[in-house]
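In: Predicted coordinates and the sequence they were generated for:
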Amino acid sequence: MSDQDDEVLVRQAGRSLLVTIHGAQRALKLYPLENAAVQRAIDDLLAASQTMLQLDGVAEIRLSGDFIFINQTRLRLGLDNFAAFSGFVGLMRGAGIGLLRVEDGVTRREWQAFLSALGALPTAQLPEERFDLLRIRMQQADIVCLEVGTSGETDLDERPADEALERAKRTYAHGVSVARDVVQGVRMGRAPNTRRLKRAVQLIVDQVLENELSITGLTTLRDFDEYTFTHSVNVCIFSVALGRRLGLDRLQLYDLGLAALMHDIGKSRLESAVVNKTTALDDQEWRRMQAHPWYGTLTLFRMREGEELPYRAILAAHEHHMKVDLSGYPRPVRPRRLGFFSRLVAVADGYDAATTRRSYQTTPLEPAEVLKEMWTNPGRGYDPVLVKALINLLGIYPVGTAVILDTFEVAIVAGPGSDAAELHRPVVRLAVDSLGARIAAPGVLVDLSVPEPDGGYPRTIVKVTSPDRYGLIVGDFFV
Ligand SMILES: [Fe+2]
Ligand SMILES: [Fe+2]
């Protein structure tokens, strides 16, 4: 087996180890030890640690800065495992642990005792004090195959080359987790936490201002299971990027980003059976769905900071489905002109919703087709000036579009080309070569707007295609 295969296996096993540690710890927090869910979670954890040990003989998990290493391999952060990863990191940091070593022979009892000890640490103490206490308790519990070390003991000096992308990913994932917490809080009747939300929006705005490409690329990681949360974050990113093009300043972008992130917050007051339904809604369900702008308005009225209400966000939550000709919902009583943020968020919302796979059965429309439809069909009710701005922002071939080239290669659009006048010549990542063979993600980066010395172009887009036809997962080309 090659080193690379090995690394893939270690990464997979490492990931499941982290996910199962997190899962077992959460189950233990919620239920007593003898509960079936807890027992199952510990079974999974034991199985995952054994797989890891069979591979490498030992499993050493280290936290280094914001990265997690398992033995010598760095685990990559993905959306699917973000909750588990951040939960795991929080757990380790809270107890001052920088290193967890799992040795061959680890037993079910040891895992149980370790997780119970970890969960029972007094919260009032400093992480260092908790760490010392944990070590004592591990000794008392006779745990020999699990060992912990402090962060000081993990001095890995590896800095990844793709730091900008990593930062963008963290910002994105952080936004998703904040969005998730807000939705869950609102479901339980809590008002959204203004400070956390603002912080998440600030990070996104800063990222867009600093390196727009790396974060807009992440919107292609549309995760079906996390649709509600990734959708809000995507709408936030598109809105901010669009607002920036239209000349809004940083403070205005903060305001806009917040409005965009919260535009669908009203959905958290609907029954999840309606929100998560993957087939067409019946009449009654549709009526419920149409209530989300109102619920959003009401929810945001509870979100104050001092005396100040987020009134622009309230308006956007209320108006984002109204359509410019007011034929949408809710139906306004009097004629009105939709607010600027509402029109802008509506465009970002429409684009993201249409390009996202909403259920495992349906195929999403290709980004280029969506833009065309938004532009040419006035019935959609978007502000045409803003649709035009979106097209300028995303290009005719938005990031994530799969295209066929005149060389018979298939590529995924990665960003605008270096020649801004040539909208039809973006930067792409080659994904399938001219003989039909797959090129391993993230593919080979090519700028289609760079001509050859004789003035011709080595590659030109012939047409847009569906990534599904080639078995390509667009998100793979951006991680
Ligand atoms: Fe909505
Ligand atoms: Fe939406």
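Out: In hand now; what should we look at? Ligands and ions are numbered 1, 2, ... in the order given.
In: show me where the protein has strands.
Out: If DSSP state E is used as the criterion, the strands of the chain fall at 58-64, 67-70, 73-74, 97-103, 146-150, 402-405, 410-415, 427-432, 444-447, 461-465.
In: partners of the last one in the sheet?
Out: It stands for strand 461-465. For strand 461-465, the paired strands and their directions (DSSP bridges) are strand 402-405 (antiparallel).
In: who in this structure is up against ligand 2?
Out: Where the chain comes near ligand 2, counting by C-beta under 5 Å from the ion, the residues are 264, 349. Every residue, glycine included, has its C-beta placed from N, CA and C.
In: lowest confidence element among the helices and strands of the chain?
Out: The helix or strand of the chain with the poorest confidence is helix 212-218; it has a mean of 74 (mean pLDDT, DSSP states H and E).
In: Against which helices or strands is that helix packed?
Out: Identification of packing neighbours for helix 212-218 by 3 or more C-beta pairs under 8 Å, 6 or more residues apart in numbering; DSSP states H and E yields helix 163-187, helix 194-210, helix 227-245, strand 410-415.
In: can you redo the ones you listed as CSV with mean pLDDT and distance to residue 309?
Out: What follows is those, written out as CSV (pLDDT from 0 to 100; distance: least, C-beta to C-beta, whole Å):
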stretch, mean pLDDT, distance to residue 309
helix 163-187, 84, 16
helix 194-210, 89, 10
helix 227-245, 91, 19
strand 410-415, 89, 38
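In: In TSV, list the ones you listed along with mean neighbour count.
Out: Formatted as TSV, the entries for the helices and strands packed on helix 212-218 read as follows, by neighbours: other C-beta atoms under 10 Å:
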stretch	mean neighbour count
helix 163-187	20
helix 194-210	19
helix 227-245	25
strand 410-415	26
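In: Indicate which one of the ones you listed is closest to residue 39.
Out: In terms of C-beta to C-beta, the element of those nearest to residue 39 is helix 163-187, at 26.0 Å.
In: re earlier: quick one, which of the strands of the chain is packed in tightest?
Out: Using mean count of other C-beta atoms under 10 Å, the stretch among these with the largest mean neighbour count is strand 410-415, at a mean of 26.
In: how about the CA coordinates for it, as PDB?
Out: In PDB, the C-alpha atoms belonging to strand 410-415 read as follows (Å, rounded to 0.1, in the frame of the first residue of the first chain):
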ATOM      1  CA  VAL A 410     -14.200  18.400 -17.900                       C
ATOM      2  CA  ALA A 411     -13.400  21.100 -15.300                       C
ATOM      3  CA  ILE A 412     -14.900  22.800 -12.300                       C
ATOM      4  CA  VAL A 413     -14.900  26.600 -12.200                       C
ATOM      5  CA  ALA A 414     -12.800  27.900  -9.400                       C
ATOM      6  CA  GLY A 415     -13.000  31.600  -9.800                       C
END
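In: That strand vs strand 461-465, what angle?
Out: Regarding strand 410-415 and strand 461-465, their directions subtend 100 degrees when assessed with axes from the mean of the first three to the mean of the last three C-alpha atoms, to 10 degrees.
In: Could you check the pLDDT of the residue lying closest to residue 321 once chain neighbours are set aside?
Out: Sequence neighbours aside, residue 328 is the residue nearest to residue 321 in space, at 4.7 Å (criterion: C-beta to C-beta, 6 or more residues apart in numbering). The predicted structure scores residue 328 at 96 on the pLDDT scale.
In: okay, now residue 328: neighbour count?
Out: 19 (other C-beta atoms under 10 Å).
In: Contact partners for it?
Out: 321, 322, 381 (C-beta atoms under 8 Å, 6 or more residues apart in numbering).
In: Would you mind measuring from the closest residue to residue 464 other than its chain neighbours to ligand 2?
Out: Nearest-residue entry for residue 464: residue 368, 4.8 Å, with adjacent residues in sequence omitted and distances by C-beta to C-beta, 6+ apart. Per C-beta to the ion, to the nearest Å, residue 368 is found 21 Å from ligand 2.
In: what's around the closest residue to ligand 2 within the stretch 351-479 of the chain, how many residues?
Out: Using C-beta to the ion, residue 353 is the residue of the stretch 351-479 of the chain that sits closest to ligand 2, at 5.8 Å. Neighbours of residue 353 under the rule other C-beta under 10 Å: 16.
In: ok, now residue 129?
Out: A count of neighbours around residue 129, defined by other C-beta under 10 Å, yields 14.
In: do the same with residue 285
Out: The criterion is other C-beta under 10 Å. On that basis, residue 285 has 16 neighbouring residues.
In: roughly how far apart are it and ligand 2?
Out: For residue 285, the distance to ligand 2 equals 17 Å [C-beta to the ion].
In: which one is that residue nearest to, not counting chain neighbours?
Out: Taking C-beta to C-beta, 6+ apart as the measure, residue 285 lies nearest to residue 274, with 4.9 Å between them; neighbours along the chain are not counted.
In: low-confidence ranges in the stretch 301-450 of the chain?
Out: Under the criterion of pLDDT under 70, the regions of the stretch 301-450 of the chain flagged as low confidence span 305-307, 357-364, 420.
In: how about the helices in it?
Out: All helices of the stretch 301-450 of the chain, identified by DSSP state H, counting those that start in this stretch, fall at 311-319, 340-355, 367-376, 384-394.
In: By neighbours, which of the contacts of residue 328 wins?
Out: For those, neighbours were counted using other C-beta under 10 Å, and residue 322 has the most, 22 neighbours in all.
In: dump the residue contacts of that residue.
Out: With contacts defined as C-beta under 8 Å, 6+ apart, residue 322 is in contact with 293, 328, 329, 330, 332, 338, 342, 346, 381.
In: What does it show for phi and psi?
Out: Note on residue 322: its backbone torsions stand at phi -70, psi -30 [degrees, to the nearest 10].
In: what does the model give residue 479 for pLDDT?
Out: In the prediction, the pLDDT value recorded for residue 479 is 61.
In: cool, and residue 96?
Out: Here the pLDDT value assigned to residue 96 is 87.
In: does it really touch residue 131, like I thought?
Out: Yes - using C-beta atoms under 8 Å as the test, residue 96 is close enough to residue 131 to be in contact (3.3 Å).
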